[in-house]
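# Sequence and predicted structure below; questions after.
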Amino acid sequence: MTMDAFGARGILETAQGKVTIFRLSALSKTGVVPHLERLPFSIRILLEGVLRSVDGELVTENDVRNLARWSAAAIPEAEVPFMPARVLLQDLTGVPAVVDLASMRAAMKRLGGDPRRINPLVPVDLVIDHSVQVDVAGTSDALKRNMEIEFERNRERFEFLRWGQRAFANFRVVPPATGIVHQVNLEFLAKVVMTRKQDGHVVAFPDTVVGTDSHTTMINGLGVLGWGVGGIEAEAGMLGQPLYMVAPPVVGVKVTGRLREGVTATDVALTVTQMLRKKGVVEKFVEFYGPGIGQLSLPNRATLANMSPEYGATIGFFPVDRETLEYLRRTGRGAEADLVERYTKEQGLFRTEATPDPEFTERVVLDLGTIEPSLAGPKRPQDRVPLAQMKTAFRQALTASVKERGFGLAAEETSRKVTVQLNGTTAEIGHGAVVI
């Protein structure tokens, strides 16, 4: 049973009816958080989760106070119990987690108990995408034939997952050929604001997620707090256990200006990756803010958030705003968008142009107008190469040593050409040739 330790429990009227929420404003009224609006949005979401989860055992009132004291100027020390709202698995790392649950059921049965009592305590989605192979290509029925081969090759595993989906509550399997796990999460699974029956009430709260893939961070572009974890941490989350973490420093990236014509999301992502790798954001949250955010579409934001592992941050977070709501409606989640708008505005989790800038541990500025078309440098995405310099950079990389991230070719090898034949055509190609 959760406790209402700070008098935060309240009722919110929504288009879907009344829901119970735990108001962050109650912490301001009681003096626990002097200036809630100065906290980064990502920290506010963590704070709501701790506030809502106080039970006197796994999560205490002191946990709320410790996180509420987050300061841009102080080095965080106290651990925070983070209880994700849901868990996202992909097939390579997710199947062992389901095996563990099955083993627990078998143990429960041996002990004379009811094995059906063993279930994930939070919603769990397993997306089958990592193991899918391409055996057939270049034919109109390639997709169908690849799926047939996939089901034949991994029949035992699919039968096990089918059993798991029927046997466990709170567990869904997304079949192969549906899409990449991060895209499925962004376009279909994520709610942004979730509801759950708790203590006899329907409780609304921010959607948060941990996933067994480092690029789970893609969902940060939708205003959902989430990142990649190992299998043990994912299983702990599935069983309702907190993941303990030190309240992180938050680096604010102020976005200004607007993109020039011809500049893509990839160009923005490579520029941000280079900038933040130089800054140093390992084990830190990165949060984007400023007037330029409104110039970035949701797919562009998701691309930037997806690159968090490349620039080294735990997350690359975009707060909920008007673009978030429009994206939910464009992807068939209009009802969710209405709840998201009502809830986030009530909780101070909705960003507008008039929203005051939060306090951050460190700040950097990203002027969208200065970004130019680019390519990822040889071997590492942070070694960005402007497109205008690509030919020169490539030629230099051919003879540069491997230690300097080059290819280590001798000078005489750089002009070598070979003759190839394809479909009755003969052509000469050399280093740097692009073959389509």
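Great, that's in hand. Numbers count the residues shown, from 1 in each chain.

# In the protein, mark out all the helices, start to finish.
25-29, 41-52, 61-68, 91-110, 142-153, 155-167, 181-184, 231-238, 265-279, 298-306, 308-311, 322-330, 334-347, 390-399 (DSSP state H).

# wait, which of those helices is closest to residue 5?
Smallest distance to residue 5 across these (Cβ to Cβ): 4.8 Å, for helix 61-68. (Each C-beta comes from the backbone N, C-alpha and C, glycine too.)

# Return the set of buried residues in the closest one.
Residues of helix 61-68 classed as buried: 63, 64, 66, 67, 68 (neighbour count, 16 or more other Cβ atoms under 10 Å).

# So of those, which two are at opposite extremes in space?
63 and 68 (9.5 Å).

# Pull the contacting residues for residue 294.
With contacts defined as Cβ atoms under 8 Å, 6 or more residues apart in numbering, the neighbours of residue 294 are 321, 322, 323, 353.

# Narrow the residues you listed to just the buried residues.
321, 323.

# Turn the contacts of residue 294 into a markdown table, columns for pLDDT.
Formatted as a markdown table, the contacts of residue 294 follow (pLDDT from 0 to 100):
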| residue | pLDDT |
| --- | --- |
| 321 | 97 |
| 322 | 97 |
| 323 | 97 |
| 353 | 93 |
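
# count of residues packed around the closest residue to residue 254 other than its chain neighbours?
Closest residue to residue 254 apart from its sequence neighbours, by Cβ to Cβ, 6 or more residues apart in numbering: residue 290 at 4.0 Å. Burial of residue 290 is recorded as 19 neighbouring residues (other Cβ atoms under 10 Å).

# and if you look at the one 3 residues further on?
Residues within reach of residue 293, counting by other Cβ under 10 Å, total 20.

# That one against residue 324, yeah?
No. Counting by Cβ atoms under 8 Å, residue 293 does not reach residue 324; the two are 10.6 Å apart.

# what sits in contact with each of those two?
residue 318.

# So, low pLDDT: which residues of this structure?
Of all residues in the chain, those with pLDDT under 70 make up the ranges 1.

# Mind doing that once more with 80?
Residue ranges of the chain with pLDDT under 80: 1-2, 75-77, 132, 199, 377-382, 435-436.

# Just want the most central residue of it.
Closest to where the C-alpha atoms of the chain average out (Cα atoms, centre = their mean) is residue 217, at 2.1 Å.

# Which residues are in contact with that residue?
Here residue 217 is in contact with 226, 227, 228, 305, 306, 308, 309, 314, 315, 316 (criterion: Cβ under 8 Å, 6+ apart).

# about what we covered before: tell me the one among the buried residues of helix 61-68 nearest to residue 421.
Residue 421 lies nearest to residue 67 out of those, by Cβ to Cβ, at 65.7 Å.

# one step back: what's the closest non-adjacent residue to the residue nearest to the centre of the chain?
Using Cβ to Cβ, 6+ apart, the nearest residue to residue 217 is residue 308, at 3.9 Å.

# which non-adjacent residue is nearest residue 41?
residue 319 (4.1 Å).

# so that neighbour makes contact with residue 349?
Yes. Counting by Cβ under 8 Å, residue 319 touches residue 349, with 6.9 Å between them.

# Format the buried residues of helix 61-68 as a markdown table; extra columns: distance to residue 261.
Below are the buried residues of helix 61-68 laid out as a markdown table (distance: Cβ to Cβ, whole Å):
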| residue | distance to residue 261 |
| --- | --- |
| 63 | 49 |
| 64 | 48 |
| 66 | 48 |
| 67 | 44 |
| 68 | 45 |
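
# now, which of those residues sits nearest residue 120?
Taking the buried residues of helix 61-68 together and measuring to residue 120 by Cβ to Cβ, the closest member is residue 63, at 23.3 Å.

# do you know how far that closest one is from residue 325?
Residue 63 is 31 Å from residue 325, where distance means Cβ to Cβ, to the nearest Å.

# okay, the helices of the chain in JSON lines with distance to residue 120 next?
As requested, the helices of the chain are exported to JSON lines (distance: least, Cβ to Cβ, whole Å):
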{"stretch": "helix 25-29", "distance to residue 120": "30"}
{"stretch": "helix 41-52", "distance to residue 120": "18"}
{"stretch": "helix 61-68", "distance to residue 120": "23"}
{"stretch": "helix 91-110", "distance to residue 120": "7"}
{"stretch": "helix 142-153", "distance to residue 120": "25"}
{"stretch": "helix 155-167", "distance to residue 120": "10"}
{"stretch": "helix 181-184", "distance to residue 120": "17"}
{"stretch": "helix 231-238", "distance to residue 120": "4"}
{"stretch": "helix 265-279", "distance to residue 120": "33"}
{"stretch": "helix 298-306", "distance to residue 120": "25"}
{"stretch": "helix 308-311", "distance to residue 120": "26"}
{"stretch": "helix 322-330", "distance to residue 120": "25"}
{"stretch": "helix 334-347", "distance to residue 120": "22"}
{"stretch": "helix 390-399", "distance to residue 120": "48"}
